[in-house]
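> model this:
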Amino acid sequence: MNKTLTSQQLFSHVHRTWECYSQSPLNQVADNHYEATWAEDLDWFAAKAKAPNDCALLFGIDPVLGLLISGEMFDRPTTFIDQADVHDALGELTHIVARTITADLGINHSLQTPVAVTTRQRQHFLNAFNVESEMLAQSDHHYFYSALVSSKAAN
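Numbering: from 1, shown residues only. Alright, predicted model coming up:
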């Protein structure tokens with residue numbers, strides 16, 4: 001990637017979108033680096049830009065926080081939110097943030113539809129991609145991680 005974002009800029013993109021849907025504050029914890037110890041407890045999503053810019057936005061979110069934001073996005077109590085709703089809401093949140101980032105970075109091609117990412121797929125991203133910027137945030141004592149990654153082959 002020719003241009004990237006700082007951790008604070010990445011947090012700003014996430015935070016602006018978060019505030020559109022949630023009443024719960026989202027606070028940046030630190031310019032934290034990915035750690036397998038807490039990453040296993042998160043649900044993961046990715047939005048990948050189509051070639052020639054081989055980059056992606058990864059989201060890892062605590063399942064409780066995912067359920068809460070989904071309820072707020074659909075304006076329904078969490079007792080009426082199922083796993084499909086959570087995937088829809090978090091996929092949409094990933095897509096919106098990825099769109100604002102690609103516009104900010106001048107990446108002028110479409111994104112693939114955001115998808116839920118398995119542990120194996122997450123490991124592939126972390127092995128095959130460079131982490132350009134990352135941030136760890138917290139809302140109601142639940143973690144939310146995001147990383148902008150680019151292909152090692154493209155660098």
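
> Could I get the buried residue list for stretch 42-50?
L42, D43, W44, F45, A46, A47, K48, A49 (16 or more other CB atoms under 10 Å). The way it works is simple: take the backbone N, C-alpha and C, and place the C-beta from them, glycine included.

> Output the longest helix belonging to the chain.
Among the segments of the chain that qualify as a helix by DSSP state H, the longest is helix 83-105.

> ok, and what's touching that one?
Helix 83-105 has contacts (CB atoms under 8 Å, 6 or more residues apart in numbering) with 1, 3-5, 9-10, 13-14, 16-18, 21, 43, 45-47, 49, 57, 59, 61, 63, 66-67, 69-70, 73-74, 108, 111, 113-116, 146, 148.

> can you tell me which of these are in helices?
Short answer: those in helices (DSSP H) are 9-10, 13-14, 16-18, 21, 63, 66-67, 69-70, 73-74.

> need the next SSE after the helix or strand containing Q123, C-terminal direction.
In this assignment (DSSP states H and E), Q123 forms part of helix 119-128. Sequence order places strand 129-139 as the next helix or strand after helix 119-128, per DSSP H and E.

> that older thread, quick one: buried ones out of the ones in helices among the contacts of helix 83-105?
Buried among the ones in helices among the contacts of helix 83-105 (16+ other CB under 10 Å): 9-10, 13-14, 17-18, 21, 66-67, 69-70, 73-74.

> and which of those residues is nearest E134?
L10 (7.1 Å; CB to CB).

> does that closest one really touch Y145, like I thought?
No. Taking contacts as CB atoms under 8 Å, L10 lies outside contact range of Y145: 10.5 Å.

> got any residues that touch both of those two?
E134, M135.

> Write down the beta-bridge partners of S150, one by one.
Following DSSP bridges, S150 is listed with bridge partners C55, N130.
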